[in-house]
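**Q** Coordinates for the following, if possible.
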Amino acid sequence: MTPFLEGHEDPVTVLVARGMDAISDADIVDWASRHAAPPSYADDSDYLQLVRCNSRNALALGKAHGHLKALVARQFPDFNDASPEAREIARNLFLQRIRTYLDSDIEPLQICRMVSRIEEKYAYAPWLGGLYDACDWMDERTTREQATHLRDEIEQILSDNAEGRLSGAGK
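**A** As a prediction, the model looks like this:
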């Protein structure tokens, strides 16, 4: 499967993505391994810890989110994860993530975990559409085949946000 993060994202975007459960700690490490850091933080100790992290080492992987938070706090001190800027980053990441659900093997619960985290962080986010209700009964056993209503709601949200799929709509 293609990684969600491509490597060009800044640490703030990665932190917002992790805070809303769009990515995992392993994804943070994967991002760092592909990211070409600018000189402003290329030698930052927390960034270097992320780059050097062995994703098969559970202890090191468990520290990835903390290293990312420390990097952002030091290098982007004005960033506030509850700001309008963070909310817009979260919205864009959310739309990107649900778009990938339509064409990948992401499990329904991965989308639903993200929805509840966004609700917690940004109160009522109108761009969530009806996903909160669509996720109401989902658990880790829910298959994509059992969650056709989730696909329908995602397509509606993307359409409402002018993100509708132009090709492959019948998938």
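
**Q** CA only for contacts and neighbour counts going forward, please
**A** OK.

**Q** any low-confidence regions in the chain?
**A** 1, 163-171 (pLDDT under 70).

**Q** Let's see that with 80 instead.
**A** 1-2, 162-171 (pLDDT under 80).

**Q** Would you confirm that Ile154 contacts Ile98?
**A** Yes. If you go by Cα atoms under 8 Å, Ile154 and Ile98 touch, sitting 6.4 Å apart.

**Q** if we look at stretch 47-54, which residues are touching it?
**A** 28-29, 32-33, 41-42, 60-61, 64, 67-68, 71 (Cα atoms under 8 Å, 6 or more residues apart in numbering).

**Q** and the one helix or strand Glu153 maps to, how far out from the chain's middle?
**A** Following DSSP states H and E, one finds Glu153 within helix 148-160. How far helix 148-160 lies from its chain's middle: 18 Å, per Cα atoms, centre = their mean, to the nearest Å.

**Q** and the most centrally placed residue in the chain, what is it in contact with?
**A** The C-alpha lying nearest the average C-alpha coordinate of the chain belongs to Ala22 (Cα atoms, centre = their mean; 2.3 Å). For Ala22, the contact set (Cα under 8 Å, 6+ apart) comprises 93-94, 97, 110-111, 114.

**Q** Quick check: buried residues in the longest helix along the chain?
**A** Longest helix of the chain, by residue count under DSSP state H: helix 84-102. By 16 or more other Cα atoms under 10 Å, the buried positions in helix 84-102 come out as 86-87, 89-91, 93-95, 97-99, 101-102.

**Q** which residues sit against that helix?
**A** 4, 13, 16-17, 20, 22, 80-81, 106-107, 111, 118, 122, 127, 151, 154, 158, 163.

**Q** and the next element down the chain from that helix?
**A** helix 108-122.
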